[in-house]
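Visitor: Predicted model follows, preceded by the sequence.
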Amino acid sequence: MAPVLGYWNVRGLTSPIRNLLHFTETEYEEKLYGFRDEERKEWLADKSTLDLDFPNLPYYIDGNVKLTQSTAILRYLGRKFNLIGDNEEQTQRLDLAEQQAVDLRMGLIRLVYFSSNFTQSKEDYLKMLPGLIKEFSKFLGSNKWVLGEKITYVDFLLYDALDFNRLFDAKSFEGVDIVNAYLTRFESIPQINAYMTGGEYKKLPIFSPIASWGG
């Protein structure tokens, strides 16, 4: 039986998971929930029947494996497909990059969902964003991927965190050649390219309709 990935009908937190599943050519079933009241009721009905320890979206069910929390799902898939570090030093680097990518994504999430004055908050965010992107450029350096030649689950997370922000403000990425090359390299992976250029992939929406941007 194919694994099941459940989430809202947006890119959101599951975009790295979808990309990783396509990269590994894993056949899976996607359960998408809408935001209208009648559609949300479907999730509320499913929520109590899936036997999840902490019922939430996204969820991933793979036989006896039943997980929520997007990063936990990514880590599980990373271990399953050996998209992880080979030693303690590499694992430390992945742990660091993982959390930095989460912070980068979360910064944008806070901006578009929780700003009391979006216009002013956006202005403040855009002052900070170029510096954050340059930090990732320095971190990647001459590496092909976060660990060098080996792609890992963290690259799937980092790609989306960067891409979300690139869609939000492409100007912040101008002249940051290392990061732009990293994004292009990821999109050029044959399995990823086939997915992104096919009819199944949607670059937008990223967030729900209530977001100030990306919904």
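Guide: Received, thanks. Residues are numbered from 1 along each chain as shown.

Visitor: Which secondary structure element is home to R185?
Guide: R185 is part of helix 177-187, with elements assigned from DSSP states H and E.

Visitor: which parts of the next helix or strand after that helix are buried?
Guide: Remark: after helix 177-187, the chain's next helix or strand is helix 190-196, criterion DSSP H and E. Buried residues in helix 190-196, counted by 16 or more other CB atoms under 10 Å: 192, 195-196. Any C-beta I mention is one placed from the backbone N, CA and C, and that applies to glycine too.

Visitor: Tell me the buried residues in the helix or strand containing R166?
Guide: Here R166, judged by DSSP H and E, is contained in helix 153-168. Residues of helix 153-168 classed as buried by neighbour count (16+ other CB under 10 Å): 153-166, 168.

Visitor: Give the next helix or strand downstream of the worst-scoring helix or strand of the chain on mean pLDDT.
Guide: Of all helical and strand segments in the chain, the minimum by mean pLDDT, DSSP states H and E falls on helix 37-47, at a mean of 88. Once helix 37-47 ends, the next helix or strand along the chain (criterion: DSSP H and E) is strand 59-62.

Visitor: quick revisit: could you export the least confident helix or strand of the chain as CSV, CA atoms only?
Guide: Provided in CSV are the C-alpha atoms of helix 37-47 (Å, rounded to 0.1, in the frame of the first residue of the first chain):
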residue,chain,number,x,y,z
ASP,A,37,-15.6,25.4,6.1
GLU,A,38,-17.1,22.3,4.5
GLU,A,39,-13.6,21.2,3.3
ARG,A,40,-12.1,21.8,6.8
LYS,A,41,-14.7,19.5,8.2
GLU,A,42,-13.1,16.7,6.2
TRP,A,43,-9.9,17.1,8.1
LEU,A,44,-11.7,17.4,11.4
ALA,A,45,-13.4,14.1,10.7
ASP,A,46,-10.2,12.4,9.6
LYS,A,47,-8.2,13.8,12.5
